[in-house]
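[1] pasting the sequence and the predicted model now:
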Amino acid sequence: MQFAIQSLPFLWQGLFVTLQVSALVVVFSLAAGIVLGVGIVYGPRWLYWPIRLYSDFFRGIPLLVLIFFMYYGLPAFKVNLSNFAAVILALSAFKTAHVIEVTRGAIQSIHLGQTEAGKAIGLTFGQRLLYVIAPQAIRRFLPPWINAVVDTVKGSALVSLVGIVDLMLAIQQVIGRTYTPMPLYVLGALIYFSINYSLSMASRVLEARFAHIRE
Amino acid sequence: MLYHLNFGYVWTHFDKLAWGLLLSLELAFVSILIGMVIGLALALVYTGRGALLRGIVAGYVEFIRNIPLLLLVYLVFYGVPSVGGFAYDATTSFVLTLSVYSGAYMVEVFRSGLAAIPKGLTDAGKAIGLTAWQRLVHIRIPTMFRIVLPALSNAYVSLFKDTSLASVIAVPELTYGAQWIKTNSFRIIEVWAVVTPMYLVTGYALLFALRQLERRFSIR
Amino acid sequence: MAQIASDFIVKIRHLQKSFGANRVLDGVDLDVHKGEVVVIIGPSGSGKTTLLRCINLLETYDGGSIQVDGVEVGFREGPGGKRHLRSDRDLAGIRANIGMVFQLFNLFPHLTARENVMLGLRKVRKRSAADAKQIAEQWLSRVGLGDKFDSLPGQLSGGQQQRVGIARAVAMDPKVLLLDEITSALDPELVGEVLTVVQELAKDGMTMIVVTHEMTFARDVGTRIVFMDGGRIQIEGTPREVLGRTDHERLRTFLARIEVKHH
């Protein structure tokens, strides 16, 4: 156990990488996912199928497979990204698919009458989206999205398998030196738990905040 | 331009992929069965009285759901033997891990399934004089299963994809097979060009088949 | 009554609309003049709601023409006389001058009553916040909700919500108000308060096209009744004329069924 405490600084560094990776992936996937999600709901038919295929593809394969392929396969396509960039790309592409679905679900759960009422008072598409749809969609968007963020943090642990020294790999490396797997795994679990549980708690607070909108 | 594609090596060793796929399906299947037993038992505990027991169940669920599966795999395979005494092979270890993992999800699935049972059904059971246990076995559980069928289907396909993590402890499932071929041939693109569709097609075929089954059994 | 051409608010000619193989509107002609209250009645499936929804283009129409205040609603003239569907931007401008009140109210649940009415005033009519607030409160008071400015729709009864819906529509100062079975989803005891509001608006000269099953309202407030069936207008005339006719089979059957329901 003493080893575990002594190795904390090293673990913090790994944690920092984990948080970096997670944050970048969350931001990229949020931006791309919302844009594509709105596109798939409101866009023309020729936009629907590519986005749909993208979403179904990336949700249909294991994340590990995707990371391995991007990491080992991209150089073969003469695409030379750093290790870090490659995993960010893989994770973001993966997560974007989920955000698309969450966005789509949130928007489509809003009663059609809302769009019609917005049209009836003369709002343009952009205005309807901004003043009528988005405020209502946010409430249905946040809980599943925060779930996706938690999944991202958990999924980030897979980057340890391609040599990125995140928290997971840091734990492995310390175990390699100290031969005390259990305490370190437990410690690692507690760290991941604290991060993700706080996110879930934040989600519940946000849900409560928006609960005053009854339909 | 791409180098010259050569699928030869992949086809020669396709058996690794085929058997790997089968193993993945089996791992997921056994894990979800055990997970369902765990989940149902704990869901019933959770809906009963006893704040302490509810707290323990909640603790288990929250803990498992908030840590990476990879960490859990390592913890069970490397960590537990180092403190608990007995070691076991990679496959057993993984099934154990995945069962515990899916159990945590199943608790929530069954809990909300039980909550979704229309009150009228249990009232009817009471009205004809069934005891609480009889109501549970003959009315609530069967009804709950019909309600949660879609969630179970999704969980199974999800677990199927999660079995790819077994490759990190050298369980010869599909991803491990792909890694093996890749390491021994450097035919990265060819391998993933075969394995990716294998996951995709299997996953969606499963979903489709399960939806058909759902339609036969589902409520509403 | 002689009407001058400039008094036409709504002019519908040969309107046609199909949903797939189903011909819902089969050549409808209708004129509505300023200050009229045209009540459309008919069995379900007769196309009356579709007709209403075509006027502010919540539904597109396949053939014919709808002009509101001289402007063709669904299409614009392209080069060579070709008809092009209007863009969302165009439609927004046209719809701003047409008010609609919905059967299911469709209030914005995340906005208070006042904010529901203000939204159009601020974003479409480009009024200042202060102006919009004043107009909104004026109209809400007129419909009897002077104490409910800050209430959310979830806190209001059905009748109150519908009155907010009416305020929201008329605050935009529309040329014509479309009312789509606005009392059908209300509990019976709440219907009266809503119809009273509509009656007052009619007295003040608001041009209205009303789809309803409320025959008492049609008789007392309507200036003209239109009976639709099978996608066409079958009978048209003053309430007295239409409701008093004994020769039209379908009309008599329809009215008989309505009367029974209302007892």
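    Cool, the structure landed. The structure displayed is predicted, hence computed values, not measured ones.

[2] next up, the contacts around C:Leu190.
    Contact partners of C:Leu190, counting by C-beta atoms under 8 Å, 6 or more residues apart in numbering or on different chains, are C:Ser157, C:Gly158, C:Gly159, C:Gln162. To be clear about C-beta, it is placed using only N, CA and C from the backbone, and glycine gets the same treatment.

[3] read off the pLDDT value for the closest residue to B:Phe94 other than its chain neighbours.
    Using C-beta to C-beta, 6 or more residues apart in numbering or on different chains and skipping residues adjacent in sequence, the residue nearest B:Phe94 is B:Ala166, 4.5 Å away. pLDDT recorded at B:Ala166 is 95.

[4] re the thing from before, can you add neighbour count and give the contacts of C:Leu190 back as TSV?
    Output for those, formatted as TSV (neighbours: other C-beta atoms under 10 Å in any protein chain shown):
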residue	neighbour count
C:Ser157	13
C:Gly158	16
C:Gly159	21
C:Gln162	28
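
[5] just those now: which is nearest C:Ala129?
    Of all the contacts of C:Leu190, C:Gln162 has the smallest distance to C:Ala129: 25.9 Å, by C-beta to C-beta.

[6] how close does that closest one get to A:Ala148?
    39 Å (C-beta to C-beta, to the nearest Å).

[7] now C:Pro188
    47 Å.

[8] those two: which has the busier surroundings?
    Using other C-beta atoms under 10 Å in any protein chain shown as the criterion, C:Pro188 and A:Ala148 rank with A:Ala148 on top: 20 against 8.

[9] can I assume that one is in contact with A:Lys95?
    Yes - applying C-beta atoms under 8 Å, one finds A:Ala148 in contact with A:Lys95, separated by 6.4 Å.

[10] which neighbours do these two share?
    Common neighbours of A:Ala148 and A:Lys95 (C-beta under 8 Å, 6+ apart) are A:Ser29.

[11] specify the beta-bridge partners of the spatially most central residue of chain C.
    In chain C, the C-alpha nearest the mean C-alpha coordinate belongs to C:Leu178, at 1.2 Å (C-alpha atoms, centre = their mean). Beta bridges link C:Leu178 to C:Met100, C:Ile209, judged by DSSP bridges.

[12] if I look at it, what pLDDT would I see?
    At C:Leu178, pLDDT is 96.

[13] burial count for residue 39?
    Because you didn't say which chain, this covers chain A. 17.

[14] oops, chain C please
    With other C-beta under 10 Å as criterion, C:Val39 counts 26.

[15] cool, the one 5 residues further on as well?
    Residues near C:Ser44, counting by other C-beta under 10 Å, number 9.

[16] looks to me like it is in a strand.
    No - C:Ser44 is assigned coil when assessed by DSSP: H, G, I helix; E, B strand; the rest coil, not a strand.

[17] separation between it and C:Ser184?
    For C:Ser44, the distance to C:Ser184 - C-beta to C-beta - is 11 Å.

[18] and the residue nearest to B:Phe94, what does it touch?
    Counting by C-beta under 8 Å, 6+ apart, B:Ala166 touches B:Ser24, B:Leu27, B:Val73, B:Ala90, B:Thr91, B:Phe94, B:Leu98, B:Glu173, B:Thr175, B:Tyr176.

[19] that one should be in a helix, yeah?
    Yes - with three-state DSSP as the criterion, B:Ala166 is part of a helix.

[20] separation between it and A:Met168?
    Counting by C-beta to C-beta, the gap from B:Ala166 to A:Met168 is 17 Å.

[21] ditto for C:Val68
    With C-beta to C-beta as the criterion, C:Val68 and A:Met168 are 65 Å apart.

[22] more crowded one of these two?
    With neighbours defined as other C-beta under 10 Å, C:Val68 and A:Met168 compare such that A:Met168 has more, 26 against 23.

[23] before we move on, which element is that one in?
    Using DSSP states H and E, A:Met168 maps to helix A:167-178.

[24] so the spatially most central residue of chain B, which of the three states?
    A centroid search over chain B (C-alpha atoms, centre = their mean) returns B:Leu159, at 3.6 Å, as the residue closest to the centre. Secondary structure for B:Leu159, judged by three-state DSSP, is helix.

[25] quick check: it touching B:Ser99?
    No - using C-beta under 8 Å, B:Leu159 makes no contact with B:Ser99, being 9.6 Å away.

[26] overlap of the contact sets of these two?
    B:Ser31, B:Gly35.

[27] near chain C, which residues of chain A? Just list them.
    A:111, A:113-114, A:116-125, A:127, A:131-132, A:135-136, A:212-215 (C-beta under 8 Å from any C-beta of the partner chain).

[28] what do you get if the cut-off is 6 Å, keeping everything else the same?
    Selection of chain A residues close to chain C by C-beta under 6 Å from any C-beta of the partner chain yields A:113, A:116-117, A:119-122, A:124-125, A:127, A:132, A:135-136, A:213-215.
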